[in-house]
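Participant: When you get a sec, could you give me coordinates for this:
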Amino acid sequence: MEAIEGYYDAVPRGSARVEDFGPLSLFVSEGVDWPYYARPAPGHQGPAATAGDVDRVRARQRELGLPEAFEWVAEHDPLLRAAVEEAGLTVHEHPLLVLGPQDDPGNASGPDGVSVRVLAADDPALAEALAVPHLAFGEPGTGVGSAGPAELAVRAAALRADGAAARLAGRITAGRTVLAAAFGDGTVLCAGQHNPVGGITEVVGVGTLPSARRRGLALAVTSALVAHARAGGARTVFLSAADEEVARIYRRAGFRPFATALIAEPAAEPDAGAH
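Facilitator: Just a heads-up that it's a prediction; the model follows:
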């Protein structure tokens with residue numbers, strides 16, 4: 001638990017500045033394509049965070065134009081949930097799964113006709129591999145969806161144009177991110193990343209092109225990421241799943257339930273057209 005807590009604190013520091021709010025730390029992104037969040041300050045010895053502490057962080061997030069988001073591990077900081085809920089935020093639970101040094105990840109190679117590989121920074125399919133999870137998370141769930149190769153080409157072109165693909169290439173070159181993808185008939189069908197820090201790494205952003213779901217592709221990409229991480233010396237590999245249905249997929253790759261990742265954010269605004 002402490003090692004993973006250390007990881008959660010270390011990863012954003014490479015691309016964010018940290019603002020101190022006593023029991024809470026706010027990470028402010030610098031030079032990456034996603035906003036970070038606030039989380040418990042490591043080693044804090046004073047009183048636990050209160051709703052007032054949460055409100056102060058939220059005010060700063062609004063001032064900076066950042067999402068009002070908090071992330072933490074429930075079992076490590078059990079008192080924070082009450083504070084964020086008192087401050088009016090909604091808390092979402094996500095299974096946290098781990099693959100330790102003695103756990104067997106198996107070997108999922110994917111269906112016939114599909115190849116899986118780790119991509120170099122200059123791989124021509126880099127933008128497509130970055131785009132697939134964007135489309136996957138735009139159609140949540142595990143059922144077959146509508147987005148396919150045409151939508152993939154459009155999203156990949158946008159990621160090239162806005163520099164996101166080039167920034168990912170920079171992280172790969174620096175050794176901060178590893179990207180793996182599954183290919184079928186020359187098209188990226190699934191992709192994901194792991195981000196190593198010392199002997200720990202987190203598998204993140206594994207997503208399958210919605211039209212290609214239900215073929216075991218996420219499992220094959222995860223297996224490739226785990227193999228790469230272990231070959232690089234990672235002792236512990238972990239991930240958070242969207243829900244229990246997704247967690248079942250990762251348990252087939254040897255991951256075991258470990259804790260609960262919590263994400264707090266403002267409640268979604270009601271649809272003005274809903275009745």
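Participant: Point out where the stretch 151-275 of the chain drops to low pLDDT.
Facilitator: Scanning the stretch 151-275 of the chain for pLDDT under 70 picks out 269-275.
Participant: For it, just list every one of the strands.
Facilitator: Under the criterion DSSP state E, counting those that start in this stretch, the stretch 151-275 of the chain contains strands at 178-184, 187-197, 200-208, 236-240, 256-266.
Participant: Including distance to Gly22 and mean neighbour count, could those go into CSV?
Facilitator: The way it works is simple: take the backbone N, C-alpha and C, and place the C-beta from them, glycine included. Shown next, in CSV, are the strands of the stretch 151-275 of the chain (distance: least, CB to CB, whole Å; neighbours: other CB atoms under 10 Å):
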stretch, distance to Gly22, mean neighbour count
strand 178-184, 35, 24
strand 187-197, 25, 24
strand 200-208, 26, 23
strand 236-240, 26, 24
strand 256-266, 17, 17
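Participant: Of all those, which one is nearest Gly14?
Facilitator: Comparing these by their distance to Gly14 (CB to CB), the top pick is strand 187-197, with 8.5 Å.
Participant: what are the pairing partners of the closest one, and which direction each?
Facilitator: strand 178-184 (antiparallel), strand 200-208 (antiparallel) (DSSP bridges).
Participant: Of all the strands of the stretch 151-275 of the chain, which one is nearest Tyr8?
Facilitator: strand 200-208 (8.4 Å).
Participant: from the chain's centre, how far out does that closest one sit?
Facilitator: Between the centre of strand 200-208 and the centre of its chain there are 6 Å (CA atoms, centre = their mean, to the nearest Å).
Participant: mind checking which of the strands paired with strand 187-197 is nearest Val91?
Facilitator: That would be, of the strands paired with strand 187-197 and by CB to CB, strand 200-208, which comes in at 20.4 Å.
Participant: which one is Pro149 nearest to, not counting chain neighbours?
Facilitator: Thr187 (5.4 Å; CB to CB, 6 or more residues apart in numbering).
Participant: so the one you found sits right up against Leu152, yeah?
Facilitator: Yes - counting by CB atoms under 8 Å, Leu152 is a contact partner of Thr187 at 7.1 Å.
Participant: what residues are up against Gly65?
Facilitator: With contact set as CB atoms under 8 Å, 6 or more residues apart in numbering, Gly65 has no partners.
Participant: Next up, phi/psi of it, please.
Facilitator: phi 70, psi 30 (degrees, to the nearest 10).
Participant: Tell me the spacing between it and Val204.
Facilitator: 24 Å (CB to CB, to the nearest Å).
Participant: Likewise for Asp104?
Facilitator: For Asp104 relative to Val204 (CB to CB), the value is 22 Å.
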